[in-house]
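> coords below, sequence missing:
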């Protein structure tokens, strides 16, 4: 079993930035795609971004494209979030995919972190 731990969440004002990180308990994720999802209060969990096992390709939800950047280095998955707005308030989850490439579907991912809260205030 792989344990994923997210960090970097917090409270930020509209227009601000945050950087989320995700580390795995072991390097089983090195050959697998990884992704970020989020769940806002009262809503279903939704896809944010994914990255292939060698750092490419990257895929983004339309709502975050151009503002968020996903990256991975030495087993650490990151999500740089810029120009945040109230619609970005959610619990953010990192996930390890079942294969080297993955997209937007949750069933493409096998391991999930516990989530980190991101709150964007007016």
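That came through, no problem. Worth saying up front: this structure is predicted, and the values here are computed from it rather than measured. Numbers count the residues shown, from 1 in each chain.
> now for the one helix or strand residue 120 maps to, which elements pack on it?
Element membership for residue 120 (DSSP states H and E) is strand 116-121. The elements that strand 116-121 packs onto, with contact taken as 3 or more CB pairs under 8 Å, 6 or more residues apart in numbering; DSSP states H and E, are strand 10-13, strand 18-24, strand 90-97. For the C-beta atoms, the positions are set from N, CA and C on the backbone; glycine is no exception.
> among those, which comes closest to residue 73?
strand 18-24 (10.2 Å; CB to CB).
> most centrally placed residue in the protein?
For the chain, the residue whose C-alpha lies nearest the mean C-alpha position (CA atoms, centre = their mean) is residue 36; its distance is 2.2 Å.
> one step back: could you tell me the angle between the strand holding residue 120 and strand 18-24?
Relative orientation of strand 116-121 and strand 18-24, computed by axes from the mean of the first three to the mean of the last three CA atoms, to 10 degrees: 170 degrees.
> Throw the helices and strands packed on strand 116-121 into JSON lines and include mean neighbour count and mean pLDDT, thanks.
Shown next, in JSON lines, are those (neighbours: other CB atoms under 10 Å; pLDDT from 0 to 100):
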{"stretch": "strand 10-13", "mean neighbour count": "12", "mean pLDDT": "98"}
{"stretch": "strand 18-24", "mean neighbour count": "19", "mean pLDDT": "95"}
{"stretch": "strand 90-97", "mean neighbour count": "23", "mean pLDDT": "97"}
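> what about this structure, any weak spots by pLDDT?
Along the chain, segments meeting pLDDT under 70 span 27-29.
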